[in-house]
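Asks: what's the 3D shape of this:
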Amino acid sequence: METLEQIKTRVELAVPGASLTVIQNGSPCAQHSILVDNEHALEVARFLQQDPQLRLDYLSNVTGVDWLEQVLQEKSRSRRVIDGVEREIEETTEKRVPGYLEAIYHLYSMELKHGPVILRLRTSDRAKGTVLPSLTPLWRGAEFQEREIFDLYGIRFEGHPDLRRILMWDSFADHPMRKDYVEPDDYEYEPTPHDEVLERARQHYLPRT
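Replies: Numbering: from 1, shown residues only. Predicted coordinates for the structure are as follows:
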């Protein structure tokens with residue numbers, strides 16, 4: 001099978017305007033991936049599915065990832081004259097990287113017996129911009145998995161044929177797989193708080209010092 005860089009080059013030629021970035025994976029598995037812009041994601045995915053050299057006809061897995069806002073420290077060096085002497089100064093600045101959500105698709109070819117090619121779609125933020133295009137129209141196996149991501153992470157998949165919660169009840173307000181999710185002290189189906197539930201509740205009423 002072609003390398004991701006070769007696939008990226010061919011996709012960009014076949015889908016004008018598409019923006020693709022190869023994301024390196026430094027772990028032992030070294031499963032690198034391709035990040036695709038949302039506007040062209042469906043067209044890029046269709047190319048991966050139908051291209052004669054790729055024929056990625058099988059979607060094995062879709063998962064969600066929550067990336068919180070990060071504060072990165074960047075160091076820079078410069079030379080300045082201090083008290084008449086030129087010195088090298090090291091400065092540290094902080095850079096805020098907004099949080100976002102991702103949907104990650106693992107694609108294989110049953111016909112040509114190769115893969116995976118890992119496709120990433122990324123939201124603009126973790127609040128109002130949590131919208132991604134659904135790939136269910138191309139791979140029907142994405143239907144329940146995108147519903148699970150919608151339920152547990154809050155990504156809304158445009159074009160999904162039946163986007164509703166699959167694990168949590170309809171009136172549940174939060175998304176339990178988000179990294180900043182706070183578990184409630186008690187649940188509707190527990191008539192009285194005791195044991196671990198009671199201990200969690202007590203943490204809110206510890207005496208102030």
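
Asks: surely T21 and H32 touch.
Replies: No - applying CB atoms under 8 Å, one finds T21 not in contact with H32, separated by 10.7 Å. For every residue, glycine as well, the C-beta is placed using N, CA and C.

Asks: neighbour count for those two, which is higher?
Replies: It is H32, of T21 and H32, that has more neighbours when counted by other CB atoms under 10 Å, with 15 against 12.

Asks: so how far is K179 from the more buried one?
Replies: Per CB to CB, to the nearest Å, H32 is found 24 Å from K179.

Asks: what is the mean pLDDT for stretch 18-38?
Replies: Stretch 18-38 carries an average pLDDT of 94.

Asks: what lies in contact with it?
Replies: 4-5, 7-8, 11-12, 40, 43-45, 104, 116-122, 131-133 (CB atoms under 8 Å, 6 or more residues apart in numbering).

Asks: go again with 7 Å.
Replies: Here stretch 18-38 makes contact (CB atoms under 7 Å, 6 or more residues apart in numbering) with 4-5, 8, 11-12, 40, 44, 104, 116, 118-122, 132-133.

Asks: pLDDT value on E190, please?
Replies: pLDDT, E190: 55.

Asks: whichever strand or helix holds V62 packs against which elements?
Replies: Per DSSP states H and E, V62 falls inside strand 58-67. Helices and strands touching strand 58-67, as assessed by 3 or more CB pairs under 7 Å, 6 or more residues apart in numbering; DSSP states H and E, comprise strand 100-109, helix 142-153.
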